[in-house]
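> Need a 3D model of the following:
(2 chains)
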Amino acid sequence: KQEVTQIPAALSVPEGENLVLNCSFTDSAIYNLQWFRQDPGKGLTSLLLIQSSQREQTSGRLNASLDKSSGRSTLYIAASQPGDSATYLCAVVQGAQKLVFGQGTRLTINP
Amino acid sequence: GAGVSQSPSNKVTEKGKDVELRCDPISGHTALYWYRQSLGQGLEFLIYFQGNSAPDKSGLPSDRFSAERTGGSVSTLTIQRTQQEDSAVYLCASSLGGVSSYEQYFGPGTRLTVT
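Have a look, this model is predicted:
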C-alpha cells in the first residue's frame, strides 16, 4: 500500500527566505506527483504536476523535483512571501488514477 | 473558464438523516473524483468516474455511501443514515481524462457536520 510522508509537519520562516518542503513515498511505481496548496477553509489549488518521466517542473518562484527511484520529491519556494502561507500537500498517482496524499506541511511566512 | 463547483458549501444534519452533495466538474472533463478530508484521516479517495465505465468505488468507507454521475457530467454523493464520523469536508475533482498523466482540479468542498 502506497504511503506518502511529508516533513516537516509545520514550518515557520521569515519573509524573503528560500525554503524546501519534502515529500517521500514508499512505492516508486507512480505515474505522476502533484503538489497542491490549501488555504484555511478552502479547496486545493494545484501548483505543479511532475510526470514520472520528468525530473523537475518550475512555475514562477516554485520548483518541484522528483527522484522516483528513491521515492522523494521536494518543493522549493524562492524568496518567500506572507501570501505563501498555507498548507502544502503532495500526492502521487498510481495505476488506479486516485491521488494518495501526504498529511501536508503547514507553512507560515512571517513579515 | 469556470472551475469545479460544489454545493452546498456547508451542510449541518442530524445523525441518521440522509444527505446529498453535488459536484459540477469542469466542462469537457471526463474524469471525476470524490475525496474526503477529515481531521484524523487526512485526505482520502472515495470514488472515481471515467466516461461510461463502471466507477471505481474502492474508497467508499461503507455501504451507506453511494455516488452517481448523470450524463457524464454532474455527480451526486449520497450518504444515508449519517453518523458523526461522517463529519468532514468532501472534495470533488475533475480531470481531462482517465489517463494518469492528467492534472486533477479540485472544487472548494462541502463541509458536512453531523450533530
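
> For stretch B:49-58, output the C-alpha coordinates as PDB.
Below are the C-alpha coordinates for stretch B:49-58, written out as PDB (Å, rounded to 0.1, in the frame of the first residue of the first chain):
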ATOM      1  CA  PHE B  49     -15.800   8.000 -12.600                       C
ATOM      2  CA  GLN B  50     -14.400   7.900 -16.100                       C
ATOM      3  CA  GLY B  51     -16.700   8.300 -19.000                       C
ATOM      4  CA  ASN B  52     -19.200   5.500 -19.300                       C
ATOM      5  CA  SER B  53     -17.000   3.000 -17.500                       C
ATOM      6  CA  ALA B  54     -18.100   1.400 -14.200                       C
ATOM      7  CA  PRO B  55     -16.900   3.600 -11.300                       C
ATOM      8  CA  ASP B  56     -14.000   2.700  -9.100                       C
ATOM      9  CA  LYS B  57     -15.800   2.500  -5.700                       C
ATOM     10  CA  SER B  58     -12.800   1.100  -3.800                       C
END
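
> which residue is nearest the middle of chain B?
For chain B, the residue nearest the mean C-alpha position is B:W34 (3.1 Å; Cα atoms, centre = their mean).

> Roughly how far does it sit from chain A?
Applying Cβ to the nearest Cβ, to the nearest Å, the value for B:W34 to chain A is 10 Å. Where you see a C-beta, it was placed from the backbone N, CA and C, and this is true even at glycine.

> Give me the nearest residue to that residue, chain neighbours excluded.
B:L46 (4.2 Å; Cβ to Cβ, 6 or more residues apart in numbering or on different chains).

> what packs against the helix or strand where the residue nearest to the centre of chain B lies?
Following DSSP states H and E, one finds B:W34 within strand B:31-38. Applying 3 or more Cβ pairs under 8 Å, 6 or more residues apart in numbering or on different chains; DSSP states H and E, one finds that strand B:31-38 contacts strand B:42-50, strand B:75-79, strand B:88-95.

> would you put the C-alpha positions of the shortest one in CSV?
Yep, that's strand B:75-79 we're talking about. C-alpha atoms of strand B:75-79 as CSV (Å, rounded to 0.1, in the frame of the first residue of the first chain):
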residue,chain,number,x,y,z
SER,B,75,-22.2,13.9,-9.8
THR,B,76,-24.1,13.4,-6.6
LEU,B,77,-22.6,11.8,-3.5
THR,B,78,-25.2,10.4,-1.1
ILE,B,79,-24.7,9.4,2.5
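
> That strand near chain A anywhere?
No: judged by Cβ under 8 Å from any Cβ of the partner chain, strand B:75-79 stays clear of chain A, getting no closer than 15.0 Å.

> need the residues of chain B near chain A, please.
Counting by Cβ under 8 Å from any Cβ, chain B comes close to chain A at B:4, B:31, B:33, B:35, B:42-45, B:48, B:50, B:56, B:58-59, B:91, B:93, B:98, B:100-101, B:103-109.
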